[in-house]
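Enquirer: Sequence isn't available, so here's the structure alone:
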């Protein structure tokens with residue numbers, strides 16, 4: 001099941017209309033309907049904070065909503081500040097320059113490296129791509145915020 005199908009399935013299971021869900025996460029109904037129509041739109045249109053709200057509204061884990069998998073064991077999970085520290089350590093060790101890592105993942109790291117709480121404004125794909133580039137399982141990040 002792709003993300004759009006999961007989203008629709010979870011919403012219907014909760015017996016909620018698209019308009020009701022949209023209002024609860026702070027987007028308009030057309031925007032929400034587009035998410036249920038396009039498999040890539042969920043990760044591309046909402047930031048991490050909105051996706052977290054959506055998981056609460058739909059009473060589904062963040063991991064299941066974004067990946068279709070059940071939540072990971074919280075053992076070994078890491079937070080946004082811990083991810084920031086891992087990235088800073090990686091860059092500080094000289095493994096690669098920040099610009100090289102940004103080029104590899106296709107995202108600007110500056111706000112996140114300044115303040116990990118800025119991460120709530122990033123799209124989920126940022127975390128998926130950053131974790132992948134760092135050799136980390138992004139589901140361990142998601143499990144911290146279940």
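Expert: That came through fine. Quick caveat, the model's predicted, so the values are computed rather than measured.
Enquirer: Now tell me which helix or strand of the chain has the poorest mean pLDDT.
Expert: Least confident helix or strand, the chain: helix 41-45 with a mean of 84, by mean pLDDT, DSSP states H and E.
Enquirer: in it, what counts as buried?
Expert: For helix 41-45, the neighbour count (16 or more other Cβ atoms under 10 Å) marks 41-43, 45 as buried. (Each C-beta comes from the backbone N, C-alpha and C, glycine too.)
Enquirer: What count of nearby residues applies to residue 53?
Expert: Residue 53: 16 surrounding residues under other Cβ atoms under 10 Å.
Enquirer: Please name the nearest non-neighbouring residue to it.
Expert: residue 25 (4.8 Å; Cβ to Cβ, 6 or more residues apart in numbering).
Enquirer: ok, that neighbour - contacts?
Expert: 32, 46, 50, 53-54, 57 (Cβ atoms under 8 Å, 6 or more residues apart in numbering).
Enquirer: picking up where we left off before, helices or strands up against the helix or strand just after the least confident helix or strand of the chain?
Expert: Per DSSP states H and E, the first helix or strand lying C-terminal to helix 41-45 is helix 48-57. With contacts taken as 3 or more Cβ pairs under 8 Å, 6 or more residues apart in numbering; DSSP states H and E, helix 48-57 sits against helix 18-25, helix 62-67, helix 124-134.
Enquirer: So which bits of helix 48-57 are buried?
Expert: For helix 48-57, by 16+ other Cβ under 10 Å, it's 48, 50-55, 57.
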